[in-house]
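Visitor: My questions concern the predicted model and sequence given below.
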Amino acid sequence: MEPKFLTSLLTLLLLICLSTIIDATNEDATRKTMEEFSGYPTDSHHSILSFSLDSFSVESEKLQGQIEELSTLSDSPAPSVTRILYSEKDVLARRFIKGIMKQAGLLVREDAVGNIYGRWDGSEQGLPVVATGSHIDAIPFSGKYDGVVGVLGAIEAINVLRRSGFQPRRPLEVIMFTSEEPTRFGISCLGSRLLAGSETLVNTLKKAADAQNVSFFDAAKSAGYNLSPDDLSNLVLEEGNYSAFVELHIEQGPLLEEEGLSIGIVTAIAAPASIKVEFEGNGGHAGAVLMPKRNDAGLAAAELALAVERYVLESGSIDTVGTVGILELHPGAINSIPSKSHIEIDVRDIDEKRRNSVIEKVHESAINISQTRGVKLSEFNIINQDPPAASDKSVIDAMEFATKQLNLSHKFMISRAYHDSLFMARKSPMGMIFIPCYKGYSHKPEEYASTEDISNGVKVLALTLAKLSLE
Ligand SMILES: *[C@@H]1O[C@H](CO)[C@@H](O)[C@H](O)[C@H]1NC(C)=O
Ligand SMILES: *[C@@H]1O[C@H](CO)[C@@H](O)[C@H](O)[C@H]1NC(C)=O
Ligand SMILES: *[C@@H]1O[C@H](CO)[C@@H](O)[C@H](O)[C@H]1NC(C)=O
Ligand SMILES: *[C@@H]1O[C@H](CO)[C@@H](O)[C@H](O)[C@H]1NC(C)=O
Ligand SMILES: [Zn+2]
């Protein structure tokens, strides 16, 4: 670096530091600045506004260090991450998050299933809270950024606001949701679904057991959550709890990176559904049973998998997607005709009706296949069939405002993956902020988001929260 450049850089830094200190000690001036964020600028002292944004500094190295440290709390070797609900590593990770929340001066509490909340009280009592958050559980052999950026990044967004001298009017709250991933009990977004209120889920959980036949309640107990079925029903939020919920997340798709954009403002989350199907036939010896005598449960499953693809494509919309990610055959021997098959189907769309019509056709097709092949359709169970969620205009406006103030390139987009936000949207105005991730990779060790992109996301989140908290 040229000495002259270095000198001017140092001078600039000194100036910024000095002004930050002046700003922080003069609370009134800061508030005035932030009142302009609320969207009703008086004489538009633009210099004050942009100055104050210059003091918006993310401690990227510290944040990256936290992401790395959390990734070591894993049941699989680095760079992969495996962190399953209520496991020993999950408990350690929870402790880690609570510690970082406390360091940020947040008031930490936990509910019956272990959703963790860190609150920063606002200047006015009794107002609904502006919340942000995501999850830190990780499916087997996945990456370190999914969910984590929206929890550790949210705590850093609080730090950014504190350092800038900001004082929220409404309380701000960071939430770490329990079990967004369905790995252990087959239920995704467990914590946020319970907050949204679901009696069906409560009943499912009463009977739920993991692959080792450990019940949900025993698993929770082993992690220190000694809860009763009643506690589950009591978690449901009231409409007045939150005035807004914003989630920061990696895109998990390639669009932002391909288009060279910094921020995705999510306007809607696609509606997911998942279905479990089982066929049963007579099985038999692969050599001895002649073809006309067979009722092959495996071929029924294969035919249904192709039917899923056909009906999804026939919807005519690029937004309809269907996947058969699980297809298991019993007994699973080369010389044995499958006597049982189990397939799990995932169908999503931003249009709920179109998605439901695909599900109906798949159901009809399963019945037809079972008849033509002489197998029994022993199960056709729609595990979940959630409606899509639209982001709220107030939250979209705040996210767009923040992105523009920070001069970051952005686009409006749909989240095709679903998130805890889908369920928070049932109880609160909702929005999501996406940042690019390498090649759109997610749920694998190659998952990666750059420090700069994370830092941009944290800044946009911080400013969005600031604006919403003043509204
Ligand atoms: C699983 O546990 C339940 C309750 O303890 C028991 O009734 C059931 O038989 C067990 N199932 C298996 C497959 O071990
Ligand atoms: C929602 O509000 C009710 C009533 O004020 C309160 O008891 C409950 O703890 C709140 N829930 C959350 C998650 O903050
Ligand atoms: C199922 O079979 C009935 C009667 O053959 C037919 O009308 C219908 O189109 C079939 N549906 C599907 C989805 O294959
Ligand atoms: C954004 O761009 C405007 C116009 O170029 C500039 O005045 C302002 O300082 C920039 N703000 C930030 C936060 O970089
Ligand atoms: Zn996630």
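Guide: It's in. Ligands and ions are numbered 1, 2, ... in the order given.

Visitor: can you list the domain ranges for the protein.
Guide: 3-54, 60-270+394-470, 272-385 (automatic domain parsing).

Visitor: how about the CA coordinates for stretch 407-424, as PDB?
Guide: This file holds the C-alpha atoms of stretch 407-424, laid out as PDB (Å, rounded to 0.1, in the frame of the first residue of the first chain):
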ATOM      1  CA  ASN A 407     -26.700   1.100  -2.000                       C
ATOM      2  CA  LEU A 408     -26.900  -2.700  -2.400                       C
ATOM      3  CA  SER A 409     -28.100  -4.300  -5.600                       C
ATOM      4  CA  HIS A 410     -31.200  -6.400  -5.100                       C
ATOM      5  CA  LYS A 411     -34.100  -8.200  -6.700                       C
ATOM      6  CA  PHE A 412     -37.500  -9.300  -5.500                       C
ATOM      7  CA  MET A 413     -37.800 -13.100  -5.500                       C
ATOM      8  CA  ILE A 414     -39.700 -16.100  -4.300                       C
ATOM      9  CA  SER A 415     -38.400 -18.500  -1.700                       C
ATOM     10  CA  ARG A 416     -38.800 -22.000  -3.100                       C
ATOM     11  CA  ALA A 417     -37.400 -23.600   0.000                       C
ATOM     12  CA  TYR A 418     -39.500 -23.100   3.100                       C
ATOM     13  CA  HIS A 419     -38.400 -21.700   6.400                       C
ATOM     14  CA  ASP A 420     -39.600 -20.900   9.900                       C
ATOM     15  CA  SER A 421     -40.900 -17.700   8.300                       C
ATOM     16  CA  LEU A 422     -43.600 -19.700   6.600                       C
ATOM     17  CA  PHE A 423     -45.100 -20.400   9.900                       C
ATOM     18  CA  MET A 424     -44.300 -17.100  11.600                       C
END
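
Visitor: In it, which of the residues would be classed as buried?
Guide: 408, 410, 413-424 (16 or more other CB atoms under 10 Å). Placement of C-beta: from N, CA and C, glycine included.

Visitor: In strands, which of the residues you listed appear?
Guide: The strands, defined by DSSP state E, take in 410, 413-415 from the buried residues of stretch 407-424.

Visitor: JSON lines please, covering those residues and showing pLDDT.
Guide: JSON lines is the format used below for those (pLDDT from 0 to 100):
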{"residue": "H410", "pLDDT": "98"}
{"residue": "M413", "pLDDT": "96"}
{"residue": "I414", "pLDDT": "93"}
{"residue": "S415", "pLDDT": "95"}
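
Visitor: List just the nearest of these to L255.
Guide: M413 (6.5 Å; CB to CB).

Visitor: Any idea what the closest one is bridged to?
Guide: M413 forms beta bridges with V266, as assigned by DSSP bridges.

Visitor: Distance of it relative to ligand 5?
Guide: 16 Å (CB to the ion, to the nearest Å).

Visitor: That residue: what's it in contact with?
Guide: Going by CB atoms under 8 Å, 6 or more residues apart in numbering, M413 touches 255-256, 264-267, 434.

Visitor: Could I get these in CSV, plus columns for distance to ligand 3 and pLDDT?
Guide: Output for those, formatted as CSV (distance: CB to the nearest ligand atom, whole Å; pLDDT from 0 to 100):
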residue, distance to ligand 3, pLDDT
L255, 33, 96
L256, 38, 98
G264, 36, 98
I265, 39, 98
V266, 34, 98
T267, 33, 96
F434, 36, 98
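
Visitor: Go through those and name the one nearest H443.
Guide: F434 (15.8 Å).

Visitor: isn't there a helix covering the closest one?
Guide: No. F434: not assigned to a helix; according to DSSP: H, G, I helix; E, B strand; the rest coil it is strand.

Visitor: Turn the buried residues of stretch 407-424 into JSON lines, columns for distance to ligand 2.
Guide: As requested, the buried residues of stretch 407-424 are arranged in JSON lines below (distance: CB to the nearest ligand atom, whole Å):
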{"residue": "L408", "distance to ligand 2": "31"}
{"residue": "H410", "distance to ligand 2": "31"}
{"residue": "M413", "distance to ligand 2": "29"}
{"residue": "I414", "distance to ligand 2": "28"}
{"residue": "S415", "distance to ligand 2": "23"}
{"residue": "R416", "distance to ligand 2": "28"}
{"residue": "A417", "distance to ligand 2": "24"}
{"residue": "Y418", "distance to ligand 2": "21"}
{"residue": "H419", "distance to ligand 2": "18"}
{"residue": "D420", "distance to ligand 2": "13"}
{"residue": "S421", "distance to ligand 2": "16"}
{"residue": "L422", "distance to ligand 2": "17"}
{"residue": "F423", "distance to ligand 2": "13"}
{"residue": "M424", "distance to ligand 2": "11"}
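
Visitor: Can you pick out the most distant pair from the residues you listed?
Guide: L408 and F423 (27.9 Å).

Visitor: winner for burial among the domains of the chain?
Guide: Most buried of the domains of the chain, by mean neighbour count (mean count of other CB atoms under 10 Å): domain 60-270+394-470, with a mean of 21.

Visitor: Is any residue of it near ligand 4?
Guide: Yes. Residues of domain 60-270+394-470 are located near ligand 4 by CB under 6 Å from any ligand atom, namely 406-407.
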